[in-house]
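In: Got a sequence here, can you model it:
(2 chains)
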Amino acid sequence: MRAGAASLPKSGNILFTVVGGYLGSGKTTLLNYVLRHAGGRRIGVIVNDFGGINIDASLIERREEDMVNLANGCVCCSISAGFAEALARLAQRTNPPEHVIIEASGVADPVRVGYFGSMPPYRLDGVVVLADAETIRERALDKYVGSAVLRQLRGADLVVLNKVDLVSEAERTALGTWLSGEVPGARIFPTSHGRVPLAVLLGVHGAACVPGESHDGGHDHGEEYASRSVTMDTPLGEAAFRASVAEWPGSVLRAKGIVYLADDKLHRYVFQLVGRRWSLTQDRLWRSDPPRTELVLIGLACQIDGETLLAGLEAAKAGA
Amino acid sequence: MPEADIIFTHGDIVTMSGPEGTAEALAVKDGRILAVGSSAEVLRTQGSATRMIDLGGKTLLPGFLDGHSHFINAIRMARWANVSAPPVGSVRTIPDLIAMLAETKARQGLKRGEWLVGYGYDGTTLAEGRELTRDDLDPHFPENPVLVMHVSLHGAVLNTAGFAAAEFDLFAPTPPGGMTARKPGSNEAAGLVMEHSFLPIFMHMPAPSEGQQLDAFAAAQALYAGSGYTTVQDAPMEPATRPLYHKAAEQGRLFLDFVGYVNWLEFPDLVRTRGEPFKEGYRQHMRIGGVKVVADGSPQGKTAFWTKPLLTPGPNGEKDWRGEPNIAPEELNRLVKLAYDNDIQVMVHCNGDATIDMVLDAHKAAGAPAGRRTVIIHSQFVRPDQLDLYVRYGFLVSFFTNHAFFWGDVHVENLGRERAWFLSPTRSAIARGIRFSNHSDFAVTPLNPMFILWTSVARTSRSGQIIGPDERITPAQGLKALTIDAAYQYGEEAEKGSLETGKLADLVVLDRNPTKVPIDAIKDIKVEETFKEGRSVYRRA
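Out: This is a model prediction of the structure:
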């Protein structure tokens, strides 16, 4: 029984991301990077080894026994009392985080950790699994942890292939082939030093995309990702839209926006894609908003062919 | 000749020491055994103020030592209703269950709006052949939120007031990883919620205040003392409750000896900051015994870790499922090394043989030092070759033969006869000279040490199958696992575990002698009285 003096807020949507992967894959480095580059987002990070996260002292505003408050509005706490406790503590803060990231332990199944993200006020955004490019294939064969490592990869919405700077080009290609074989449809973001742009890891900050705004060729701290906007005024057939999305290449890592469906012209439909997982759900009535499809896609730079994607969606237009 | 405070005579005194292993009389002075042996010898210590206790043919043994359990459960359950099916409780039907809850409500004097909690619920044992629902509970408990904990501790049945108090939406869709029983033909929650459906409720429950928890220490110890235990354990202590035990000790609330084992997740930090007195002896009946690592899960839950797959599918229908470890080998190696470097005892929960391999590797990687008394807790599906390594490494084991009864049939189904019958292989351990304790893992199975003794001797499952006839041991051998060898596990064999001059007068009186009754009668033997250092701490009404 935990001390629940105030009950958990039922409303409010705190996004929830699980970061998993074996020891040494770079989870701590990634989380450290996120806290340093939060860019105005209030992020709560729950880690296994509080001592290991090593947050830059200059960033720390206030340190409590098992929680560190950063000057940029982020907070980092330890998991030692349990996931449920840590999640409740963060949600009950006066100014709760907008996004909470939980570090799953080295052998944990991040999908199971992700179930905690279905508890209001939390909403699961994605399961991200890191893999160390140098050692992942060997690990997958280990007699003790091999099956756990494969299970982690197969449960990931997004795989971050870390430390690619330490392997040759040929090995990178081989890894890509191996991963596609072991994890069909894997969405992979290759990187080094655990640097994953927050737009890729956590999604674009803020609400749905602003109509008319284009983000072509975006860069983020030197990492290569790109974002593309797609706008269409003609309504789309639902079945054809779903089929089109299923064809999108693995280089599309995230997508978000509103869809105007021919099958139901009265309602907005919200589209969310995080790695391999995506959903299209009915939202409110259009009301005074002009009905149109507006999507922002984020993916590997130079690999999202906006034209091809647009063509695919064009084909989804009603009657096409 | 000093005068004894108490002398016990006219009973079966089972000393657990010496060639005979028995005595005619025993004298106690200042909390220790003054003399034990023949009546003539012992009666020489009789003085005018000596209290003479005529055992009337009953049996006197050293007080039992808890091989492994989670004492915190006794603190939580002190106020809960036992709605378990026999043999753990007496609930066979839904009316039985309701009556148990009502009785507890009356006994606690619960007011309107206060939570009424029961534990040990298992729908599969009810005569009605269905799960308990809120429709069963509502008419009887309109004013109290009721939560009936499932025997697995992974779910519960609530009444309507309970769901309301927990702000649970009866119509909410079942979350991934959860199970919500629904009323037939409807979307409404019926009562039983498990796993992730249960978690939010669990988080909403008001926790007892620290004061209430401290007040529960008397009842919690009474539960253990009532089962004949004089040394008890919590392993691992939850980080949140660790300070509670220190407070209880400081406030003089402990009258049994309590040994706490630190949780592996906070162990490195506590070593670094000297946050726990790992090396100190008892202070006000409390000491820290070491660190406890939980390296895999439960065999019946299919979350243990084996080298060979199960015969049945995994928890989510997986083929060739052999479970998974709960900790990475690198982490385990670091923990074991850190403990050894600091001369701290390590206990590791291992159910599957692959997990045991990991611990053996960790010990070797740390230089295989001698004399560490490293304990494998459960060691349920250890292989014979691993038993040989236990000998080489000087490992101790705390077996769990209760599994033969509670889950023996399930294990045969999941693992096949060869592996299942070798569970908790007590006889093979004795043959190799491996010392072991035997435990309840309370609240996973009941505290009752006579039931534990019976399972080690009979190894009979619920269906009547003998789970490994070759691994059955004698009652005398089984008693060692509850006394002198459990004391050895604690490093306290010089003070406890046998009735010898100089040792603490931690004693238990049983109504019958387990070495003399028919085997199946062992589990019905009752504790008459329990003494801690010569003072009576429990007496059967």
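In: who's in contact with residue B:158?
Out: The neighbours of residue B:158, taking Cβ atoms under 8 Å, 6 or more residues apart in numbering or on different chains as the test, are B:134, B:137, B:145, B:146, B:147, B:148, B:166, B:168, B:191, B:193, B:201. Using the backbone N, CA and C atoms, a C-beta is placed for each residue, glycine as well.
In: Look up how far residue B:95 lies from it.
Out: Separation of residue B:158 from residue B:95 (Cβ to Cβ, to the nearest Å) stands at 19 Å.
In: Next: residue B:448.
Out: Distance, residue B:448 to residue B:95, using Cβ to Cβ: 26 Å.
In: which one of these two has more residues nearby?
Out: Neighbour count, other Cβ atoms under 10 Å in any protein chain shown: between residue B:448 and residue B:95, residue B:448 has more, with 22 against 13.
In: Which residue comes closest to the more buried one once chain neighbours are left out?
Out: residue B:227 (5.6 Å; Cβ to Cβ, 6 or more residues apart in numbering or on different chains).
In: Now do that neighbour against residue B:538, distance only.
Out: Distance of residue B:227 to residue B:538, computed by Cβ to Cβ: 9 Å.
In: Need the overlap of contacts for the two.
Out: With Cβ under 8 Å, 6+ apart as the test, residue B:227 and residue B:538 both reach residue B:527.
In: Report how many residues lie close to residue 154.
Out: No chain was given, so I picked chain A. 16.
In: switch to chain B, that's the one I care about
Out: So residue B:154, with other Cβ under 10 Å, has 16 neighbours.
In: What pLDDT does the model give it?
Out: In this prediction, residue B:154 carries a pLDDT score of 86.
In: One more: residue B:405?
Out: pLDDT, read off for residue B:405, is 97.
In: give the contact list for the closest residue to it other than its chain neighbours.
Out: In space, and not counting its chain neighbours, residue B:405 is closest to residue B:455: 5.0 Å by Cβ to Cβ, 6+ apart. Shown in contact with residue B:455 (Cβ under 8 Å, 6+ apart): B:401, B:402, B:403, B:404, B:405.
In: three-state assignment of residue B:455?
Out: helix (DSSP: H, G, I helix; E, B strand; the rest coil).
In: gap between it and chain A?
Out: Distance, residue B:455 to chain A, using Cβ to the nearest Cβ, to the nearest Å: 31 Å.
In: Name the single longest strand found in chain A.
Out: In chain A, taking DSSP state E as the definition, the longest strand is strand A:122-132.
In: quick one: buried residues of it?
Out: A:122, A:124, A:125, A:126, A:127, A:128, A:129, A:130, A:131, A:132 (16 or more other Cβ atoms under 10 Å in any protein chain shown).
In: what's near enough to touch the residue nearest to the last one when sequence neighbours are not counted?
Out: The shortest distance from residue A:132 to any residue other than its chain neighbours is 4.6 Å, reached at residue A:25 (Cβ to Cβ, 6+ apart). With contacts defined as Cβ under 8 Å, 6+ apart, the neighbours of residue A:25 are A:130, A:131, A:132, A:136, A:162.
In: Which one of those is nearest to chain B?
Out: Closest to chain B out of those is residue A:132 (13.0 Å), distances taken as Cβ to the nearest Cβ.
In: returning to that earlier point: nearest to residue B:2, of the buried residues of strand A:122-132?
Out: residue A:122 (67.5 Å; Cβ to Cβ).
In: just to revisit the earlier point, just the ones of the contacts of residue B:158 in helices?
Out: Helix and strand membership here follows DSSP state H; of the contacts of residue B:158, those in helices are B:134, B:137, B:201.
In: Contact distance from chain A - what residues of chain B qualify?
Out: Residues of chain B lying near chain A by Cβ under 8 Å from any Cβ of the partner chain: B:76, B:167, B:175-178, B:196, B:199-200, B:202-208, B:238-240, B:263, B:265-266, B:268-269, B:272, B:322, B:324-331, B:354, B:357-358.
In: Next secondary structure after the helix ranked longest in chain A?
Out: Taking DSSP H as the criterion, chain A has its longest helix at helix A:169-182. Next along the chain after helix A:169-182, taking DSSP states H and E as the criterion, comes strand A:188-190.
In: Show me what the helix or strand just after that next one packs onto, helices and strands only.
Out: Using DSSP H and E, the next helix or strand after strand A:188-190 towards the C-terminus is helix A:198-201. Applying 3 or more Cβ pairs under 8 Å, 6 or more residues apart in numbering or on different chains; DSSP states H and E, one finds that helix A:198-201 makes contact with helix A:27-36, strand A:225-232, strand A:252-259.
In: In contact with the closest residue to chain A within the stretch 351-500 of chain B, which residues?
Out: Using Cβ to the nearest Cβ, the closest approach of the stretch 351-500 of chain B to chain A is made by residue B:358 at 6.1 Å. For residue B:358, the contact set (Cβ under 8 Å, 6+ apart) comprises A:144, B:295, B:325, B:327, B:329, B:332, B:350.
In: make it 10 Å
Out: Shown in contact with residue B:358 (Cβ atoms under 10 Å, 6 or more residues apart in numbering or on different chains): A:143-145, B:295-296, B:305, B:325, B:327-329, B:332-333, B:336, B:348, B:350, B:352.
In: swap in residue B:133?
Out: So residue B:133 contacts B:94, B:123, B:157, B:158, B:159, B:181, B:183, B:189, B:190, B:191, B:192 (Cβ under 10 Å, 6+ apart).
In: do you know how far it is from residue B:173?
Out: Taken as Cβ to Cβ, the span from residue B:133 to residue B:173 is 19 Å.
In: go on, residue A:263?
Out: Counting by Cβ to Cβ, the gap from residue A:263 to residue B:173 is 23 Å.
In: Residue A:130 too?
Out: Taken as Cβ to Cβ, the span from residue A:130 to residue B:173 is 31 Å.
In: tell me the secondary structure for the residue nearest to residue A:132?
Out: coil.
In: What pLDDT does the model give it?
Out: 96.
In: Dihedrals phi and psi, residue B:295?
Out: The phi and psi values for residue B:295, taken as degrees, to the nearest 10, are phi -90, psi -20.
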